[in-house]
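**Q** Provided below are the primary sequence and the corresponding predicted coordinates.
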Amino acid sequence: MNAVRPDRLKLLLRQFRPILDRYIRSAESSGGDFGRVEDAAGDAISRIRPLLVSAGLAASAEEAPTFCCPNCARPLSAWSLGPRTIGTAQGDGSYPAVRYRCNACNQDHYPIEEANGLEGDQFTTGAKGVIGEAAADAPCAHVCNALREARSITVSAKEVDRTARETAQWRRTEEERVTASVYGGEALAAWLDGAEAPEPPPQPYSLDGWDAHTPALISVDGGMVRSTTAGPDGPEWFECRAGMIATADEKSPGRKLYVGGVATADALFDQLGAAWQQCNGGERTVLFIADGATWIWDRAGLYFPSALELLDIYHAGDHVGKAARACWGEGSTEAKLWVGRAREMLLAPNGPKEILRSLTAALRQHKAGPDGGAKMVNEAEFLKEFRYLWTHRHRMWYARAKAMGLPVGSGAVESGIKQLIIARLRQAGMKWTRQGADAVMRLRCARLSGNLDGTVRRRQSELHKCLERYQPAAA
């Protein structure tokens, strides 16, 4: 490793000295008041941070290699532009900006800026990742203050919005590349021809830390978000959808992986199916559990053919109660008994089958006429609920699921929907465009999955490859 240039180190220490002196004096005069020490430390860190960042930026820029013109391969001439202030992941800092010019081509080049995403921008790739992650959690105006206090990053609300959308686009691009590698034309052609699939793209999804035999839970759901568009009855609403992959073994909790956005049902399942195929690293039991929405079950078997399908027991119990009320009446003894014991009845061995038998018997008695049995309260409603339960009868094996140690409710994905959509997109007074909601959803899915940082690092690596164009040609 090269030795540190003494002049740089001396300059940095000279800049630090008055800040450290002030900090130590404050600590010594605090009289045992640790609160004052904490305040003094915070002040010292806020003063040192930009000096540290600027020193590093300057050292990196000044020690850059000799650049050659990417067109004619001749060495570029360097022209100082003076100090430039930028925002980094660790706060604002400055560096000596340089314009590189090819005297033969008469063209200017800015390789350092190009390699760090600073062409026409004031934030590094790392800073954009920090801003995007903060925007995934809080409104843009709140992000400004939070980043200024926590990281000394100066950014406006408009810049937060713009940067969050840009970061979300990095994520969307990676996700679309994965989906295309699994379901795209090249992948389909390779499958039909029996050839090898195309080289997989960088991995935006990860199930690191999962045991290869831990059961997996897959589920999808959606939530409504208020639109900026006004309809005849007030603001319109549109749906955000999300998918989740998690551990199904309650004794072995693990990470959750989320995907989602303002997507069609097919687009969401493409994304979720591709994520599962890319990161499934072992032979494991797969449980697909969800409510009774048609858009879900029309696709579940196609995308996850080996998964065990289970209807969420709470939705099933709700429909059992509705069928009982439609049959015997809201306040009847029978209806109250069924509503109160719906989940218990479903969990019993052969419980769903016995429920359907009892409801079928009630329907036959009703059809037999006044002499055959009591009149049904609401036949149309009863038939609607009966069809629902009958359609999902093969997805109501709750006793067996419990015996296998598997969950019988979709609480995990519903909790995820609350975190992904309701907690961020349904705050008081919020209205969204579809593009804005989709951007925040993608960022929030990646952040809660622990995968956003990887996207930012891959983006920086991709940008940095541009410096290869400025290297001298091989002899």
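**A** Noted; the coordinates are in hand.
**Q** is it true that residue 337 lies in a strand?
**A** No. Applying DSSP: H, G, I helix; E, B strand; the rest coil, one finds residue 337 to be helix, outside a strand.
**Q** now the strands for the stretch 251-400 of the chain?
**A** 257-261, 286-290, 308-311 (DSSP state E, counting those that start in this stretch).
**Q** which of those sits closest to residue 218?
**A** When these are compared by Cβ to Cβ, strand 286-290 sits nearest residue 218, at 4.9 Å. Every residue, glycine included, has its C-beta placed from N, CA and C.
**Q** direction included, what does that closest one pair against?
**A** strand 216-231 (parallel), strand 308-311 (parallel) (DSSP bridges).
**Q** and those strands, which is most packed in?
**A** Highest mean neighbour count of the strands paired with strand 286-290: strand 308-311, a mean of 22 (counted as mean count of other Cβ atoms under 10 Å).
**Q** list the contacts of that one.
**A** Contacts with strand 308-311, where a contact means Cβ atoms under 8 Å, 6 or more residues apart in numbering, come from 285-292, 297, 300-301, 392, 394-398, 401, 406, 408.
**Q** so the residue lying closest to residue 312 once chain neighbours are set aside versus residue 416, what's the distance?
**A** Of all residues not flanking residue 312 in the chain, residue 410 sits nearest, at 3.9 Å (Cβ to Cβ, 6 or more residues apart in numbering). In this view, residue 410 and residue 416 are 10 Å apart by Cβ to Cβ, to the nearest Å.
**Q** and for residue 176?
**A** To residue 416, residue 176 is 22 Å away according to Cβ to Cβ.
**Q** residue 308 bridge partners, please.
**A** Beta-bridge partners of residue 308, as defined by DSSP bridges: residue 287.
**Q** what's the burial count for residue 75?
**A** As a burial measure, residue 75 scores 14 neighbours (other Cβ atoms under 10 Å).
**Q** contacts only, for it.
**A** 66, 67, 68, 69, 472.
**Q** let's see that with 7 Å instead.
**A** By Cβ atoms under 7 Å, 6 or more residues apart in numbering, the contact set of residue 75 is 66, 68.
**Q** how close does it sit to residue 255?
**A** From residue 75 across to residue 255, the span is 50 Å (Cβ to Cβ).
**Q** go on, residue 45?
**A** 32 Å.
**Q** same deal with residue 140?
**A** When residue 140 is compared with residue 255 (using Cβ to Cβ), they lie 28 Å apart.
**Q** next one: residue 360
**A** For residue 360, the distance to residue 255 - Cβ to Cβ - is 44 Å.
**Q** which of the two has more residues huddled nearby?
**A** residue 255 (16 against 12).
**Q** contacting residues for the more buried one?
**A** By Cβ under 7 Å, 6+ apart, the contact list for residue 255 reads 209, 450.
**Q** the same query, at a cut-off of 8 Å, please.
**A** Neighbours of residue 255 in contact, by Cβ under 8 Å, 6+ apart: 207, 208, 209, 210, 246, 247, 449, 450.
**Q** the fifth one falls within a strand, correct?
**A** By that I understand residue 246. Yes. Membership of residue 246 in a strand is supported by three-state DSSP.
**Q** was I right about it contacting residue 410?
**A** No. Counting by Cβ atoms under 8 Å, residue 246 stays clear of residue 410, with 11.0 Å between them.
**Q** on that earlier part again, what is in contact with residue 410 and residue 416 at once?
**A** Contact criterion Cβ under 8 Å, 6+ apart; residues bridging residue 410 and residue 416 by contacting each: residue 221.
**Q** now the closest residue to residue 154 other than its chain neighbours, what's its secondary structure?
**A** Leaving out its chain neighbours, the residue that sits closest to residue 154 by Cβ to Cβ, 6+ apart is residue 92, at 5.6 Å. With three-state DSSP as the basis, residue 92 sits in strand.
**Q** residue 92: how many residues sit nearby?
**A** Counted by other Cβ under 10 Å, the residues lying close to residue 92 total 21.
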